[in-house]
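Enquirer: coords please:
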Amino acid sequence: MKDYIEERAIEIGKYIVHYHSTVRQTAKQFGVSKSTVHKDVTQRLEKINPSLAKEARVILDINKSERHIRGGMATKEKYKHLMDAAVKHC
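Expert: Here you go, the predicted model:
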């Protein structure tokens with residue numbers, strides 16, 4: 001594995017643990033795809049730094065279990081905003 005990939009995997013793991021960030025937030029921060037973040041944490045980091053990989057995996061599992069709640073809240077906010085705009089126009 002190339003050095004820069006190992007360094008990125010470590011930095012991604014540290015970022016997820018420090019900020020409790022989602023895969024999507026992390027991917028945006030590092031300018032990589034969600035698939036790359038997931039692979040870095042679940043496969044590459046496991047070989048490089050197993051303890052950091054385990055910590056990051058706990059955060060990702062929590063985020064995964066809560067994603068339906070965040071999605072519902074985002075949809076609620078979207079439609080609340082649309083309804084508020086519609087009321088102003090009446």
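Enquirer: please make it C-alpha for all contacts and neighbour counts, starting now.
Expert: Will do.
Enquirer: low-confidence ranges, the protein, go.
Expert: 67-69, 71, 90 (pLDDT under 70).
Enquirer: can you pull out the helices in it?
Expert: For the chain, applying DSSP state H gives helices covering 3-19, 23-30, 34-39, 45-48, 50-89.
Enquirer: next one: Phe12 from Met73, what distance?
Expert: You called it Phe, but residue 12 is Ile. 27 Å (CA to CA, to the nearest Å).
Enquirer: and for Tyr79, the neighbour number?
Expert: 11 (other CA atoms under 10 Å).
Enquirer: quick one, what contacts it?
Expert: With contacts taken as CA atoms under 8 Å, 6 or more residues apart in numbering, Tyr79 has no neighbouring residues.
Enquirer: what residues does stretch 46-55 touch?
Expert: Glu6, Ile10, Gly13, Lys14, Val17, Val41, Thr42, Leu45.
Enquirer: next, the buried residues of that stretch.
Expert: Glu46, Leu52, Ala53, Lys54 (16 or more other CA atoms under 10 Å).
Enquirer: end-to-end on it?
Expert: OK, stretch 46-55 end separation, CA to CA: 11 Å.
Enquirer: so how many other residues sit close to Met1?
Expert: 6.
Enquirer: can you give me the distance of it to Ser35?
Expert: According to CA to CA, Met1 stands 17 Å off from Ser35.
Enquirer: do Lys2 as well
Expert: Taken as CA to CA, the span from Lys2 to Ser35 is 18 Å.
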